[in-house]
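Enquirer: Quick one, structure for this:
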Amino acid sequence: MVIDANVLYSRGVKEFTRDMDAANIFPGNGAKIRLGDGTLPTKQITLITSDGFSRYRALTVRLDKPFSNRLQYTVSYALSRTEATAPDSLGLGNTPLVNRNIKANVGPSALDRNHRLVANAIVDLPWGIRGSLISTWYSGLPQNITVGSADLNGDGVNGSLLPGRHRGSLGRDVNSIDQLNILIKQYNLATAGAALPRGGLAPYLLELPANATFSDSLISQDLQLTKIFTVKEKISWNLRHKCLTFLTSRT
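Expert: This next block holds a predicted model:
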């Protein structure tokens, strides 16, 4: 039996992000720029920049039992956190949540899973039957808490973050419906109904019912049974039955 443990750290820099309003068409980004001919721009200009970054930290543990006494298995676990300025942490220049504010865009990425547990096993059963199992459990993904399609900052990004929140708050620092409803109440009292920089009023938000769920974990079970029949000395054929199941569990 072998146990292997590792600590991992990775940091990405110069990843692509977007300035959604390089021309300052929207009031939240400052005074309009002047083009080369001295005229003011009339359309929104998107600029790709390279000031994004990401960070991955993990502790991985693996237990291996080589095949002996008709049994072999491996169990792997990872405790990790992926933070980035873009949803996919790949630096592909995704739309920001807050324009021109890198720090406001930092948070758990859409690929962040804090816990991963994978187990696989092979066992030789009576009558020449071999069973194999792959069992996977992933904890839930984070989500952004946005105010519908409203632009609270006037920066050209439709769907502003709930005030005081960051990327990936839901399912991480906000991990219950009660916590979320408290934030919604605070927003409705302090911000909803106020005039927006681009016109209109900040919308009111509805509180969620107590049985609402988010960030469900994923469980996958893959079971296979194999029976080998020998027809001749060098010829054999396999009869297999496979069962694959996906489940979600509420957090």
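
Enquirer: what's near enough to touch the closest residue to Pro197 other than its chain neighbours?
Expert: Residue nearest to Pro197 in three dimensions, not counting chain neighbours: Gly154, with 2.6 Å by CB to CB, 6 or more residues apart in numbering. From N, CA and C alone the C-beta is placed, and that goes for glycine too. Residues in contact with Gly154 (CB atoms under 8 Å, 6 or more residues apart in numbering) are 26-29, 196-198.

Enquirer: do that again at 6 Å, thanks
Expert: 26-28, 197-198 (CB atoms under 6 Å, 6 or more residues apart in numbering).

Enquirer: out of those residues, which are buried?
Expert: With neighbours counted by 16 or more other CB atoms under 10 Å, those contain buried members at 26-28, 198.

Enquirer: now, which of the contacts of Gly154 sits nearest Ser169?
Expert: Gly28 (21.3 Å; CB to CB).

Enquirer: What count of nearby residues applies to His86?
Expert: One thing to correct before we go on: residue 86 is Ala, not His. Using other CB atoms under 10 Å, Ala86 has 26 other residues around it.

Enquirer: Could you do Ala194 as well?
Expert: Using other CB under 10 Å: Ala194 sits among 9 other residues.

Enquirer: Roughly how far does it sit from Asn188?
Expert: For Ala194, the distance to Asn188 equals 11 Å [CB to CB, to the nearest Å].

Enquirer: now Gln221
Expert: Gln221 is 43 Å from Asn188, by CB to CB.

Enquirer: Let's see stretch 211-229 as CSV, backbone CA atoms only.
Expert: Only the C-alpha atoms of stretch 211-229 are listed here, as CSV (Å, rounded to 0.1, in the frame of the first residue of the first chain):
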residue,chain,number,x,y,z
ASN,A,211,-36.3,25.3,0.2
ALA,A,212,-34.3,26.9,-2.6
THR,A,213,-30.9,25.3,-3.2
PHE,A,214,-27.6,26.2,-4.8
SER,A,215,-24.1,24.8,-5.3
ASP,A,216,-25.2,21.2,-5.3
SER,A,217,-22.5,18.6,-5.2
LEU,A,218,-22.1,15.9,-7.9
ILE,A,219,-21.9,12.2,-7.2
SER,A,220,-21.1,9.8,-10.0
GLN,A,221,-21.1,6.0,-9.7
ASP,A,222,-19.7,3.8,-12.6
LEU,A,223,-20.0,0.0,-11.9
GLN,A,224,-19.0,-2.7,-14.4
LEU,A,225,-19.1,-6.5,-14.3
THR,A,226,-17.1,-8.5,-16.8
LYS,A,227,-17.3,-12.2,-17.5
ILE,A,228,-14.5,-13.7,-19.7
PHE,A,229,-15.4,-16.8,-21.8
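
Enquirer: Flag every buried residue along that stretch.
Expert: 214-218, 226.

Enquirer: What of stretch 67-85?
Expert: Buried, per 16+ other CB under 10 Å, within stretch 67-85: 72-78, 80, 82-85.

Enquirer: follow-up on the earlier one: kindly list the main-chain dihedrals of the residue nearest to Pro197?
Expert: phi 70, psi 30 (degrees, to the nearest 10).
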